[in-house]
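Asker: next comes the sequence, and after it the predicted model I'd like to discuss.
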Amino acid sequence: MKFYIVDCFAENKYQGNQLAVFMPKEAPTSLEMQQIAREINFSETTFILSGKEENGGYRVRIFTPDIEVPFAGHPTLGTAYVVHRELENGQTDKVVLNLDVGPIEVAVSETGLVMTQNQPAFGRILASATEKNQIAGLLQIDDTTIRDDLPIQWVSTGLPCFVIPLKDAAAVKKCAIHHDKFRHFIETVYKCNMLVFSETGDRQLVVRVFMDDPGYLEDPATGSANGNLAGYVLKYDYFKSQNVSYSVCQGEEVGRPSVLRISARCEQGNYHIQVGGEVYLIAQGTWLL
């Protein structure tokens, strides 16, 4: 079957988040897809499993090296790029992917791709001193570097994370996952990714995301988590506006600098969240089954 390697949320080749996209003539089994994702060993691998369906979308499944996930940001962007290029002959300005969380729309233009994410859900807040200390411990930072005026909260637009507001970029840079403490958190509190952020300039945030998969690696560019953060930014009026546009820098610490462009607004409790960036084709070939 055909496969493609793309770099997502990148400003040049060999930046951003790597993605392998497979286009099989006949769908592999779930086990085979999981084995292929483990062989590739990127943070995610996708499989385009249909032609255009009744709603105009393409059925896609997403796998990490360990599990299947219902939604993820850079796989959505990168897969839409391949669909637009290879299946739509570059002729459309919109691609729809039918994921496990439902249809996700991606707009395509000369300046990049932009996906519209689902409505955010806001869950558990970690407000006690003990919980705050636990978060600081697993990030190996002083708990005084966590902001007191904003909550540590579970948020999801399809793939959940805890959003953790830090006082400055230096605190974000200092974070390093303590594996045993993160494992304990996952086993006793909630299994999800961790997003830390701070503001670095006018409408610019610096973000790091630590994955909940075994190994707890850092993700270089995370569309899903930044969609969650956009909902959080609006809910807590971070920019003193309910209609915001800003950029996110992520991935410097792992040698994969990435830029995500966010546009979000909230009107009468209805959120409209868009996460965009550029995609670069790196390689294509034939996978042997």
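Answerer: Ah, there it is.
Asker: send me stretch 11-25 as PDB with only the CA atoms.
Answerer: Provided in PDB are the C-alpha atoms of stretch 11-25 (Å, rounded to 0.1, in the frame of the first residue of the first chain):
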ATOM      1  CA  GLU A  11       7.800  26.100   8.900                       C
ATOM      2  CA  ASN A  12      10.400  24.100   7.000                       C
ATOM      3  CA  LYS A  13      11.100  20.400   6.300                       C
ATOM      4  CA  TYR A  14      12.300  18.400   9.300                       C
ATOM      5  CA  GLN A  15      10.500  20.500  11.800                       C
ATOM      6  CA  GLY A  16       7.000  20.100  13.400                       C
ATOM      7  CA  ASN A  17       5.500  16.800  14.100                       C
ATOM      8  CA  GLN A  18       6.100  13.700  12.000                       C
ATOM      9  CA  LEU A  19       3.300  11.700  10.600                       C
ATOM     10  CA  ALA A  20       3.000   8.600   8.500                       C
ATOM     11  CA  VAL A  21      -0.100   8.300   6.400                       C
ATOM     12  CA  PHE A  22      -1.100   5.000   4.800                       C
ATOM     13  CA  MET A  23      -3.500   4.500   1.900                       C
ATOM     14  CA  PRO A  24      -4.300   0.800   1.600                       C
ATOM     15  CA  LYS A  25      -6.400  -0.700  -1.200                       C
END
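Asker: can you give me the helices in the stretch 151-289 of the chain?
Answerer: 169-174, 179-188, 223-235 (DSSP state H, counting those that start in this stretch).
Asker: nearest to residue 92 among these would be which one?
Answerer: The closest of those to residue 92 is helix 223-235. By CB to CB, the value is 20.3 Å. To be clear about C-beta, it is placed using only N, CA and C from the backbone, and glycine gets the same treatment.
Asker: average pLDDT for that closest one?
Answerer: The average pLDDT for helix 223-235 rounds to 98.
Asker: ok, stretch 100-111 next?
Answerer: 95.
Asker: in that stretch, what's buried?
Answerer: 101, 104-108 (16 or more other CB atoms under 10 Å).
Asker: any idea which helix or strand comes after the host helix or strand of residue 74?
Answerer: In this structure, residue 74 sits in helix 73-82 according to DSSP states H and E. Once the chain leaves helix 73-82, the next helix or strand it forms, by DSSP H and E, is strand 94-99.
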